[in-house]
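# Whatever this is, show me its structure:
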Amino acid sequence: DIGMLLRPGAHDALVIGLASGVTVGSVEQWPGIEHLVVAEISPSVTHAERWFAPYNHDALHDPRVNLVLDD
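The predicted structure is shown next:
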């Protein structure tokens, strides 16, 4: 959220590391966000993220999110 405070009016965002997805879900809530890229190194993290859906606004199912799995 600090990045969003420093750049109000941003339309694009990058989150490095998915973890529980709470940061991604929080960024999705900011007005004006049109595209959000999430870079994650571990595919297993994406499987665990669903357990946090009540807390992360079901982050990965937002059509604005592009998940990139790569090292």
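# Check the residue most central in space within the chain and give its pLDDT.
Using C-alpha atoms, centre = their mean, the residue of the chain that lies closest to the mean C-alpha position is Val24, 2.4 Å off. The pLDDT attached to Val24 in the predicted structure is 96.
# contacts for the one helix or strand it maps to?
Here Val24, judged by DSSP states H and E, is contained in helix 22-28. Contact with helix 22-28 is made by 1, 4, 13, 15, 18, 33, 36, 38, 52, 55-60, 62, 64-65, as judged by C-beta atoms under 8 Å, 6 or more residues apart in numbering. Just so you know, the C-beta spots here come from the backbone N, C-alpha and C atoms, and that holds for glycine as well.
# All the helices of the protein, in order from the start?
Per DSSP state H, the chain has helices spanning 2-6, 22-28, 43-49, 53-56. These are given in chain order.
# list the buried ones in the second one?
Taking 16 or more other C-beta atoms under 10 Å as the basis for neighbour counts, the residues of helix 22-28 that come out buried are 23-25, 27-28.
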